[in-house]
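Undergrad: here are the coordinates; sequence isn't available:
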Ligand code: TA6
């Protein structure tokens, strides 16, 4: 039996459900162009989605894989993390094969985006589910006649059993900018990042794949095209300030994001760029 793609409604949002013969499945919301779930095996959820998520057609969805574009965080005058995560995307491609399912969503500039950011662009998010692996590729095309510069990220909320028992390996030796220490730049000196307090860091020019170890499972995280890796957990106090996240949920999530955050990507007229994040169970 080949892979399958169904059009569904998820928390009232138009979405696609991708599944494969071997039992993997993923859900992709057209609002935000946002992956909301990925189960490499039935019941083995790897993506955190807040139960208190606000679905009002204006707010960003708390959890899943928000697409940040053309701004990262508050590094500019646009809404936090840009406008792509609160826009409605459209489906431009769906393909299935022996043990895979693939869908591409697209967002193009509109009067609304141009009122915030006056540039023509095309964004394409391709989600490919195959075996126990999920590939997320964000392509940015400069469809205008003048250069553009932007930041972008796949702000992946990984679901974890207990964040304090996680070890994130692969960041040793890379410099990071610590948002919780006024943007101070430091060099990672630990073999593994242990999350036992709030963390909000942009690791620069990361060239190694990452490994997230939990007590009972592990996940490989690879980035291509994205120069940076962002690691975020709000911890208890930060969690309490986030209205759309239940108390205690900081223990169930860890954001590990493929990003172009610490400097902007510049594209000439007609040029394109892509960033890819691959998640694979180990
Ligand atoms: O990617 C990390 C970060 O920029 C943090 O600073 C944190 O606030 C987080 O994103 C969530 O942002 P949001 O706008 O979704 O609340």
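TA: Looks like it came in fine. Just so we're clear, the structure is a prediction, and the values are computed from it rather than from any experiment. Numbering: from 1, shown residues only.
Undergrad: For the residue of the stretch 101-250 of the chain found nearest the ligand, which non-adjacent residue is spatially closest?
TA: Here the stretch 101-250 of the chain gets closest to the ligand at one residue, residue 232, 3.8 Å apart by C-beta to the nearest ligand atom. Using the backbone N, CA and C atoms, a C-beta is placed for each residue, glycine as well. Excluding the flanking residues, the one nearest residue 232 by C-beta to C-beta, 6 or more residues apart in numbering is residue 255, at 4.0 Å.
Undergrad: re earlier: bridging residues for the residue of the stretch 101-250 of the chain closest to the ligand?
TA: Counting by DSSP bridges, residue 232 is bridged to residue 200, residue 255.
Undergrad: Does it touch residue 257 like I think?
TA: Yes. The criterion here is C-beta atoms under 8 Å, and residue 232 meets it with residue 257 at 7.2 Å.
Undergrad: Tell me the residues on the stretch 51-200 of the chain that lie near the ligand, please.
TA: 60, 73, 80-81, 155, 179, 200 (C-beta under 6 Å from any ligand atom).
Undergrad: Reformat those residues as CSV; add secondary structure.
TA: Listed next are these as CSV, based on DSSP: H, G, I helix; E, B strand; the rest coil:
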residue, secondary structure
60, coil
73, coil
80, coil
81, coil
155, coil
179, helix
200, strand
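Undergrad: circling back: contacting residues for the residue nearest to residue 232?
TA: Residues in contact with residue 255 (C-beta atoms under 8 Å, 6 or more residues apart in numbering) are 155-158, 230-233.
Undergrad: Check what pLDDT it gets.
TA: In this model, residue 255 is scored at 99, pLDDT.
Undergrad: Count the residues that sit near residue 208.
TA: 14 (other C-beta atoms under 10 Å).
Undergrad: Name the SS class of it, please.
TA: coil.
Undergrad: Give me the phi and psi for it.
TA: phi -110, psi 150 (degrees, to the nearest 10).
Undergrad: which residues does it contact?
TA: 170-171 are the contacts of residue 208 under C-beta under 8 Å, 6+ apart.
Undergrad: re the thing from before, neighbour count for residue 232 and residue 257, which is higher?
TA: More neighbours surround residue 257 than the other of residue 232 and residue 257, with 26 against 21 (other C-beta under 10 Å).
Undergrad: Helix or strand: which one has that one?
TA: strand 253-267 (DSSP states H and E).
Undergrad: what angle separates the helix or strand just after that strand from strand 253-267?
TA: Per DSSP H and E, the first helix or strand lying C-terminal to strand 253-267 is strand 272-281. On the basis of axes from the mean of the first three to the mean of the last three C-alpha atoms, to 10 degrees, strand 272-281 is oriented at 160 degrees to strand 253-267.
Undergrad: contacting residues around strand 272-281?
TA: 38, 40-41, 44, 46, 132-142, 152, 154, 156, 217-226, 257-260, 265, 267.
Undergrad: Can you select the buried ones from those residues in ChimeraX?
TA: Here is the ChimeraX command that selects the buried residues among the contacts of strand 272-281 (16 or more other C-beta atoms under 10 Å):
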select :38,40,46,132,133,134,135,136,137,138,139,140,141,142,152,154,156,219,220,221,222,223,225,226,257,258,259,260,265,267
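Undergrad: Looking at the contacts of strand 272-281, which are in strands?
TA: The strands, defined by DSSP state E, take in 38, 133-141, 152, 154, 218-224, 257-260, 265, 267 from the contacts of strand 272-281.
Undergrad: Hmm, residue 30 and residue 88 touching each other?
TA: Yes. Residue 88 is within contact range of residue 30, at 5.9 Å (criterion: C-beta under 8 Å).
Undergrad: out of those two, which sits in the more crowded spot?
TA: More neighbours surround residue 30 than the other of residue 88 and residue 30, with 19 against 15 (other C-beta under 10 Å).
Undergrad: List the residues that contact the residue lying closest to the more buried one once chain neighbours are set aside.
TA: Nearest residue to residue 30, sequence neighbours excluded (C-beta to C-beta, 6+ apart): residue 14, at 4.6 Å. Residue 14 is in contact with 7, 29-31, counting by C-beta under 8 Å, 6+ apart.
Undergrad: of all the residues you listed, which two lie farthest apart?
TA: The widest separation within the contacts of residue 14, taken as C-beta to C-beta, falls between 7 and 31 and amounts to 13.8 Å.
Undergrad: between those two, which one's more packed in?
TA: More crowded of residue 7 and residue 31, by other C-beta under 10 Å: residue 31, with 21 against 11.
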